[in-house]
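Chemist: Provide a 3D model corresponding to the input given below.
(one chain, ligands or ions: 1)
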Amino acid sequence: MSYLLEISDLNVTFETRFRTVPAVRNVSLAVGQGESVALVGASGSGKTVLGRSVLGLVDEPGVVRGSILFDGRQVVGRTEEELREIRGVGVAMVFQDALDGLNPVYSVGSQLSEVLTVRLGHSRAEAKERAIELMRQVGIREPESRFNNFPHQFSGGMRQRICIALAVGMRPKLLIADEPTTALDVTVQAGILRLIKTLQRETGMGLIFITHDLAVAREVSERMAVMYNGQIVEEGATEEIFSRPQHPYTRALLLAHPARAKSWRDLEPIPDEFVTDEPSSDNQTVSAPAPTASIG
Ligand SMILES: Nc1ncnc2c1ncn2[C@@H]1O[C@H](COP(=O)(O)OP(=O)(O)OP(=O)(O)O)[C@@H](O)[C@H]1O
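Modeler: The predicted structure follows:
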C-alpha cells in the first residue's frame, strides 16, 4: 500500500552552544489518504517539531535526518525552492496561535483571496466568491459583510476558523493541525473540532492532529501515535489504545486523564520516570510560526 505520507527513521536534533536536544528520535509514521491520525504526548515530547519537519519548517539550529516522503516526494534535504515546489503538492498546517499568522493590516477577505489567486490561480472575482464561500463553510455568518473586516474585528475562535479556511482553501491533501484549539475556550473548541472533522470528510484530506489532550485525540482520530521523549512509543487504532494501552507511558497518560476518573481521587499522577525534565521555557526558543504555512 502506498501512503500519502511516509516518515521513516526520522531524527531531528537541535545543537546549541550549551547542549544537544534530540527532539525527534527514530520516528517512523505513515498516514493514508483521508486518514486521521492524532499525535499525542506531553509538552516537549517532539510533536510540533515532527509536524514542522513534514513541511520542511524546522528552525535553525535543527538538523533533520531520515526520510519524509510526501506523495512520493522526498522532503528531507531539499532547498527552499524545491520545498516550495513540494509544498505545491498539498500540505497545509494550522498552528496554535491564530493571531500571528493573519496580517493585521489586510482584511481577512483579501488575505483569503490572495491565497486563492496566488496558489490556485483564480481570477480576482473567482477568488472573492470562493473566499466568501470558505468563510461561510467555516461558520462565519454573513461572510459578504465581513469580507472587508480586519483580523482584530474577529474573536479568537473566529480568527482560528479563518486560519483553517486559509489552510483548507488551498485544497491540501494533508492538513497538519498543531493544537489548534488549545488557546480557545471549551465551547469554541468543540465547534472547531467539529469543523475540522467535517472539512476532512468533505474534502477527503488526510489529517495529523497534534494534541496533548487525550479526549480531543479520541474525538478526531481513527489512529493515534503516542510520543514520549522524541519517540513514538505506541501506535494503533485510537479505540484500541484507549481500551488496551500497551506502553507504560500510555497507561500512565490514560490514568492521569480526568475523563477516565469518576472523581479527582481516582486520578493517578504520571510517574516521575515519565515526566520529562525539559524546562517548559525551552519551547520558547522556537520562533513563533505563522498560523498557516503550507505545502500547498
Ligand atoms: N529551535 C529550537 N532550538 C532548540 N530546541 C528546540 C527548538 N525547537 C524545539 N526544540 C526542543 O525540541 C523538543 C521538542 O519540542 P516540541 O515543540 O516539538 O514539543 P511538543 O511535544 O510539541 O511540546 P508542546 O506541546 O509544548 O508544544 C523540546 O525539548 C524543545 O525544547
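Chemist: which residues touch the residue nearest to Leu102 when sequence neighbours are not counted?
Modeler: For Leu102, ignoring the flanking residues on the chain, the nearest one in space by Cβ to Cβ, 6 or more residues apart in numbering is Pro151 at 4.1 Å. No exception for glycine: its C-beta is placed from N, CA and C like everyone else's. Residues counted as contacts of Pro151 (Cβ atoms under 8 Å, 6 or more residues apart in numbering) are Leu99, Leu102, Asn103, Pro104, Val108, Arg159, Ile162.
Chemist: Could you rerun that using 7 Å?
Modeler: Contacts of Pro151 were listed using Cβ atoms under 7 Å, 6 or more residues apart in numbering, and they are Leu102, Pro104, Val108, Arg159.
Chemist: The stretch 151-296 of the chain: helices as residue ranges?
Modeler: 156-169, 186-203, 214-220, 238-243, 248-255 (DSSP state H, counting those that start in this stretch).
Chemist: Show me which of the contacts of Pro151 is closest to the ligand.
Modeler: Comparing the contacts of Pro151 against the ligand with Cβ to the nearest ligand atom places Arg159 closest, at 19.5 Å.
Chemist: Look through the stretch 101-250 of the chain and state the residue closest to the ligand.
Modeler: His212 (5.2 Å).
Chemist: Hmm, that residue is touching Ala42, no?
Modeler: Yes: between His212 and Ala42 there is a contact at 6.2 Å, judged by Cβ atoms under 7 Å.
Chemist: Need the overlap of contacts for the two.
Modeler: In contact with both His212 and Ala42: no residue, using Cβ under 7 Å, 6+ apart.
Chemist: Show me what the helix or strand where Gly51 lies packs onto, helices and strands only.
Modeler: Here Gly51, judged by DSSP states H and E, is contained in helix 47-54. For helix 47-54, the elements it packs on are strand 5-15, strand 20-31, strand 36-41, strand 62-70, strand 174-178, strand 206-211, judged by 3 or more Cβ pairs under 7 Å, 6 or more residues apart in numbering; DSSP states H and E.
Chemist: TSV please, covering these and showing distance to Arg124, mean pLDDT and mean neighbour count.
Modeler: Supplementary listing: these in TSV, determined by distance: least, Cβ to Cβ, whole Å; pLDDT from 0 to 100; neighbours: other Cβ atoms under 10 Å:
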stretch	distance to Arg124	mean pLDDT	mean neighbour count
strand 5-15	34	97	18
strand 20-31	35	96	19
strand 36-41	34	96	26
strand 62-70	31	96	18
strand 174-178	26	93	27
strand 206-211	31	96	25
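Chemist: Make TSV out of those and add distance to Leu120.
Modeler: Listed next are the helices and strands packed on helix 47-54 as TSV, based on distance: least, Cβ to Cβ, whole Å:
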stretch	distance to Leu120
strand 5-15	22
strand 20-31	23
strand 36-41	24
strand 62-70	19
strand 174-178	16
strand 206-211	19
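Chemist: The residue most central in space within the chain and His122, how far apart?
Modeler: Nearest residue to the geometric centre of the chain (Cα atoms, centre = their mean): Ala177, 2.2 Å. Ala177 sits 24 Å away from His122, taking Cβ to Cβ, to the nearest Å as the criterion.
Chemist: now swap in Glu82 and tell me
Modeler: 25 Å.
Chemist: who's more crowded, these two?
Modeler: Each of Glu82 and His122 has its neighbours counted (other Cβ atoms under 10 Å); His122 has more, 18 against 14.
Chemist: Much appreciated, bye for now.
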